Every structure is written in structure tokens, then in C-alpha cells.
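Peer 1: Return a 3D structure for these sequence lines:
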Amino acid sequence: MATKKSQSINTWVIKLSNIFKQFPFIRISWRVIRRLLPVLFAASFTAVVLLGNFTPVTAQIPTPLRQEIRGVWLTNNDFDIMRHQAKVQDTMAKLRQLNFNTVYPVVWNDGYTKYPSAVAQQQGIPFFFKGAEGQDVIADIISQSRRQGLLTIPWFEFGFMAPLTSELASAHPNWLTQKQDGTQTSITAAGEVAWLNPFHPEVQKFITDLVVEIITKYNADGIQFDDHTSLPVDFGYDSYTVKLYTEETGNPPPPNPQAQAWVQWRADKITAFMLQLNQAVKERKPNAIISVSPNYYDFAYKFQLQDWLNWVRLGIVDELVMQVYRNDLEAFTSQIIRPEIVETQQYIPTGIGIMTGLRNRPVSMQQIQSQVRTAQQRGLGVVFFYYESLWDIAPEPVEQRQAGFLEVFANAALRDTSQFTRRNPTFDTLTVPLYPKGSIAQPGRGYFLEMSVAGGKPRRVLLDTGSAGLRVPKEFLGNAPVQKTGQVVKEVLSDGTILEGELVYTNFRIGFITTQEPIPVQVVTSRKCTPQKPNCSAKGGAAFSGIIGVNYSEKALPYNPLRKLPGNLSNGLIVAGNGSLTLGLTQQNTAGFKMAAWKQQPAIASIPGNRWDSRISGVCLTIAGSAVKNNCNSKMLTDTRARNGFVEFKSAAVAGKLKSGQLSSGNALKLSIPSVLDYSLVPGNRDGFNLWSVIISPQAENPVLVNSGLGFFDKYDVLFDGVNGQEGFRVRS
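Peer 2: Numbering: from 1, shown residues only. Take a look at the predicted model:
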């Protein structure tokens, strides 16, 4: 209750000071008001008691305003303040009085921690930053700020940077990365520094241990990473990274450090680490704020390999503060209206880092106020660099500077960490590559999707639009939880392969997107051929690459695993013949497709969403040199798993003169769906990819079924809409 009273009283005092400012003939400073505080407190307390009104000030502030960031960084330059308990107490009280709500004290800088760290001690890093009274300065800052109702988010300033002469760099030279010419350092605003290799597992563990230590040791409100949780684009040519890149891609890193694939590979590795770091923090404290303070996105990605917009979209980041240190207001404004800022502020508290001055470069209060108001007009918060330059080293007197901050922060804006819960990814759509070869050597061509099952190593699994369910060998599973059912399931593929194995439940990941709950997976332990098709893919004990079946005509468990991707990503997919898979259908990516409807199937309780017979009806088939002339009672399955196309006839009568076997070049084939597609092919042997066969099978389900095979995707992008039950075709240019 005392806190609520002080908030109400503080608001009353602020309003009083604003009233005084409206009358120029009344000359009264904030310092004078401070002297009158005891009197004002007594008067306000009496008024509150008489009125019986103890309503907390937060009830009078709109929710979005309560999350407005009003922060300041406490840097090395502020250490004289940080090391004295009385100064820390005064600092936090003053910031609260001026309606700030967040402080970011530095905890990792120059290769040293600003707190007594067991993790650093294990690496032989000495500790020099004890407070003047022998206290832990970070513990003191957190305690004093909480007393004032301020959030404290320790600032991991140096990220992967460390001086080359530091104890850490000297003890672990193999942790450092380098440029192509062997250079290990770069020149930054912090001077000449080396860079820890963000791809090295020992470096990742060290950074993770430090961050988790901060969260657990102090129960901190969060952790902030800035533009140094990155890597300059020229780095990454150390032996460890070169070997890793070569193993994963089959080629050494290109000599051009800005080559697109090389940039993306390194940026993705840093993103993967940030995802792990987020999970490590959230496991200890679910509402901890993961804050990032980068440069503007185009620069951050291209030159620092810091894909922070992807971090936001993936739900890794809970707060963004983009550094915009500009003197010119027009240049400042152009940065804060970038599309990535507009997008980010739809999901998380977003602020702008504003320079309040350096020792040799003071900044006027007029410039600061104009930038703050410009940010506020666009719904953005602000964080100032840095505390000492707020008013102690400034071109205007202390009282004038403090009054200036009170003008732009006229009302309190408290922040509530309970709102920072785990976020789902915000992608409406996501495109990932498809590979022509699997993790295990495969004969012929296919489309393989790289994914991780149960936290295992990423593996390339065959994408199959003709079946449903994820089916992998047991060695593909990692160490993540797997719920066994003891139920053995069997799947018979169209080529006659029988897959048998236990049904389990676990999570899987595509790219950086993880299912939000376990999905059914068949762990295949047995493969064999049916007697009718002895030449199936299991013949000779060939290795099994796994199959991810993304068809919507499920007959039983397991079902299409894409149904459990988060948000819009689960509503459908597009397979493009240029080697990409798009997850999540939007108005933009569905443009140009011509649609054919599926027939709805009865629901099965254990399968989410709608079930569809994805064999398209009313397909017209013509095969030259045969009696099959424009047979429009055919059904068609668009199948990425079948390397070669085929037509299955239920009887020889329907097939006419055609016999089971491979079609020749004289059997030109045409497929059409009125107003949707018109596809033709001359059977041949182009890389074994345009072979077509005829199958006559009394056991066939349909009189005529056409399986278009993989070659179809050379000419068409194909859309599968699992919500509305339709399939789309777009001619590839």
C-alpha cells in the first residue's frame, strides 16, 4: 500500500510542477519543490485520507503507456556512481522522480564481469569491481531500483567481444575467430578488440553460463544484448568455422566475406544460439525480458551478421531498443520509421536509443527533447546513452536538464514484467529450402526438407505430398523428451514399401520453427516390400532417409505434422520447383494460383483440422497411341515422393491397348483440368526424371489414377490449402 501511496503523491507533485510552469511570473525550480516535499507530502497525505482515495496511479494509465520504455544505460563511465551505495540510492530515486522506468547496468565489459561471477572465476578471470563499501554493485543497483519501482535489465555490453590481451583470450586462443588474412582484431568504439567465435560450442556455453548466472543470482528482470552479440562480417575464417561450414555445405567458405550464402549461414548460426539462449533463460525465469539493442537492421544483418528482425519474428526477443545516434532530426526520424520498427512495435515494447552526450561531445536538451517527442509521437519508447550525460556532464545546468526530462516524461509509465510471457513466432509465412539429396545417400532425385526431430541433429527428410505423417529411423531422434505409446503402426507406400515401427509423440523443428506441442511420429524399425511390388525402395536393405508426409487425407495416426506449426504457418504450403517450400498461405503468396477443389472427408478425432481427399477429380487424360482419349473421369495425385509419374488403371479394359510397363516417347501424355492447368509431357529418360509408367491393378481404388511425379514441379508451383480444401497450380516462368 505504501508504494501505491507514493505513486499517487509523486503524480500529484508532478502535476503541481507542471501547473507552476504554466505561469512564467512564478519562478520555481525542481530543487525548490524538493525542499517543499515534506510539506507537500503532509498536504497530499491529508487530502488522500480525507477523500478516502488510495487508487493506484497505474489504474489511471492506459496499458500501452505502462509498457513505454523510458530507460538509461549505466556504463563504465558511471562506475563512480555505481560503486557508492548512497549515490546509487539517490540515482534511482531521481530517475523514479523524473518518471524513468528502466535501468540497464553494464555487467559484462572488457572481458570482465561487474559482479562476482563463479563462471568467470572458473575461467581465471579476476574480479576488480567491488563497491566502495565492499558491496556487490549489481546486487545493490537491482535492490535500489526495485525499491523505486524501476525495472533493472543487466546489460551484456561486450557480447562476443574481448580484448586480445584479456585473461579470457589468453587462456582460450582457440575460442577466437579471425579474418581471412589471419587478423584477430577489429577497431570498434570500444577500441581494438578480438572476437569470441559465436559458432564454437565452448564459447556458447561460456556466454550461456554467464547469462543464466545473472538471471539466477540476482533474479534480474531480464538481460540485454546489444550490437556486439554479433560478428563483423569479415570474421569467421578460423579453422573451426571453416571446417564446420565445409562439412555442412560441401564447400569451403567463399573468399568474399559478404557472399550471400556465407552471410546467411553465419547469421543463422547466431540466431540458433540466441534461440538456445532464450530457452535457457526462460527455463529459469519465464517472464525474464530478453532485450536487444542493435543497429538498424540492414546494417546489423549485412555487416554484423545480426539477424535481429528474425529474432523478433521467432519470439526470441521481448523488447527492442534500436540505437539511433543522430544529431539531425530528419536523419533521426528516417531511421525510426523503418518498416522493421513498425513491424516490431506491433508485438513487443520498442524503443529508440538516444545519445544524451559524451564527455567530449555534449548534446543539448533541445535536441534530446525533439528526438524523444518524435519517438513518442510514433508510439516508441526511449533509452538514453548514458546516465552521467543526462545532466552531470551537459551544456545546461542540472536543474534545467532535469526539468527538461520531466517535460517529456510528464506522467508515470510503470512497466509490468508479468506481461512478458513466452511468445509464439509471428511469421505469417516462411520459406525454407528443399534439397535434392537426403542426409543418407539416396538413388535419384527428390525433395528433401531439413528438420530436427526430438532435438536431434538436423536431417534431410523426404518431402511427400502424397502421404501423411512423419516417419523417421530411430537414429534421427535426439535427446528431447519422447513419449512412447507401445503402439506399432504400419504404412504401405505406393511403391510397395511397408514401413513398421512404434508410434511416439515428440516435437520437431523446421528451420527455427518448433511445434508448440508433441506430434505423433512413427519410429521406423522395419522396412520390406509387398509381394506384389518386390522392387520397392526397401529392396536390398537401402538406407531409409525418413519421410515427412504433408498430405491432408490422413487415414490414421500419424497425421500431417505441419498441422501443428504455430499460427498461420499451419494453414497450408507451397512446393516450388526451384527448390523451396513455403509454409503459411497469405494473400500475397497465393496470387496467380488457379484452384481445384478437394472433397472433404469425415473427421477423425485424433487428427486436428479438416481432412480432405486430395486426389483431384475431373482430371482429363490423353495418352497418344492408345484408346485413352480425353478421359475426364480420372483422378490425379500431385506427389513429390514419386520420382517418376505413372497412370494406374483398375482394369485392362480401361487401359485399352496399353500394357503395364514404361511408356515410350510415342505415348505423349496430356493432363488437363478445365480453367486450371494444361500439362503435357513426352515420356523419355531425362536424368531418369520424365519416365512414365502404366500400372494395371485390379486392387486399385480408382478406375484411373494419375500420379504426376516429381517432374510436374519443374513446370508448376503447387499449393496445398489444408483449411479450404483446395489445390492450386501456378505455371513456373
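
Peer 1: Would you mind listing where the stretch 601-733 of the chain has pLDDT under the threshold?
Peer 2: 685-689 (pLDDT under 70).

Peer 1: Could you rerun that using 90?
Peer 2: For the stretch 601-733 of the chain, the stretches flagged by pLDDT under 90 are 642-644, 653-657, 684-691, 699, 711, 732-733.

Peer 1: how about the helices in the stretch 301-450 of the chain?
Peer 2: Taking DSSP state H, counting those that start in this stretch to define them, one finds helices in the stretch 301-450 of the chain at 308-314, 329-336, 339-344, 365-377, 388-391, 398-408.

Peer 1: Looking at those, spot the one closest to residue 284.
Peer 2: Comparing the helices of the stretch 301-450 of the chain against residue 284 with CB to CB, the closest turns out to be helix 308-314 (19.4 Å). Every C-beta, even on glycine, is put in place using the N, C-alpha and C of the backbone.

Peer 1: elements contacting the closest one?
Peer 2: helix 260-284, helix 297-304, helix 339-344 (3 or more CB pairs under 8 Å, 6 or more residues apart in numbering; DSSP states H and E).

Peer 1: Distance from the first one to the middle of the chain?
Peer 2: Per CA atoms, centre = their mean, to the nearest Å, the displacement of helix 260-284 from the mean C-alpha position of its chain is 8 Å.

Peer 1: other SSEs contacting it?
Peer 2: Using 3+ CB pairs under 8 Å, 6+ apart: helix 260-284 touches helix 201-218, helix 239-249, strand 289-293, helix 297-304, helix 308-314.

Peer 1: Could you tell me which residues within it count as buried?
Peer 2: Buried residues in helix 260-284, counted by 16 or more other CB atoms under 10 Å: 262-263, 265-267, 269-275, 277-278, 281-282.

Peer 1: Closest one to residue 526 out of these, please.
Peer 2: Proximity of these to residue 526 (CB to CB) peaks at residue 272, which lies at 33.9 Å.

Peer 1: tell me the contacts of the closest residue to that closest one other than its chain neighbours?
Peer 2: Leaving aside its sequence neighbours, residue 272 sits nearest to residue 512 (CB to CB, 6 or more residues apart in numbering; 6.8 Å). Counting by CB atoms under 8 Å, 6 or more residues apart in numbering, residue 512 makes contact with 268, 271-272, 275, 310, 314, 425.

Peer 1: one step back: now, which of the buried residues of helix 260-284 sits nearest residue 630?
Peer 2: Nearest to residue 630 among the buried residues of helix 260-284 is residue 265, at 50.1 Å by CB to CB.

Peer 1: ok, the closest one touching residue 247?
Peer 2: No - with contact defined as CB atoms under 8 Å, residue 265 does not count as touching residue 247 (11.8 Å).

Peer 1: and the gap between residue 623 and residue 701?
Peer 2: Applying CB to CB, to the nearest Å, the value for residue 623 to residue 701 is 20 Å.

Peer 1: Now do the helices in the stretch 101-250 of the chain.
Peer 2: 118-122, 137-147, 167-171, 201-218, 239-249.

Peer 1: Quick one: closest of those to residue 93.
Peer 2: Closest to residue 93 of the helices of the stretch 101-250 of the chain is helix 137-147 (CB to CB; 8.2 Å).

Peer 1: how far off helix 201-218 does that closest one point, in degrees?
Peer 2: Helix 137-147 and helix 201-218 are oriented at 50 degrees to each other (axes from the mean of the first three to the mean of the last three CA atoms, to 10 degrees).

Peer 1: Against residue 164, how distant is residue 184?
Peer 2: Distance, residue 184 to residue 164, using CB to CB: 6 Å.

Peer 1: Please disregard the earlier target; I meant residue 669.
Peer 2: From residue 669 to residue 164 the distance is 67 Å (CB to CB).

Peer 1: Residue 527 now?
Peer 2: Distance of residue 527 to residue 164, given as CB to CB: 55 Å.

Peer 1: of the helices of the stretch 301-450 of the chain, which approaches residue 100 most closely?
Peer 2: Residue 100 sits nearest to helix 398-408 of all the helices of the stretch 301-450 of the chain, at 7.9 Å, using CB to CB.

Peer 1: so how far is that closest one from its chain's centroid?
Peer 2: 39 Å.
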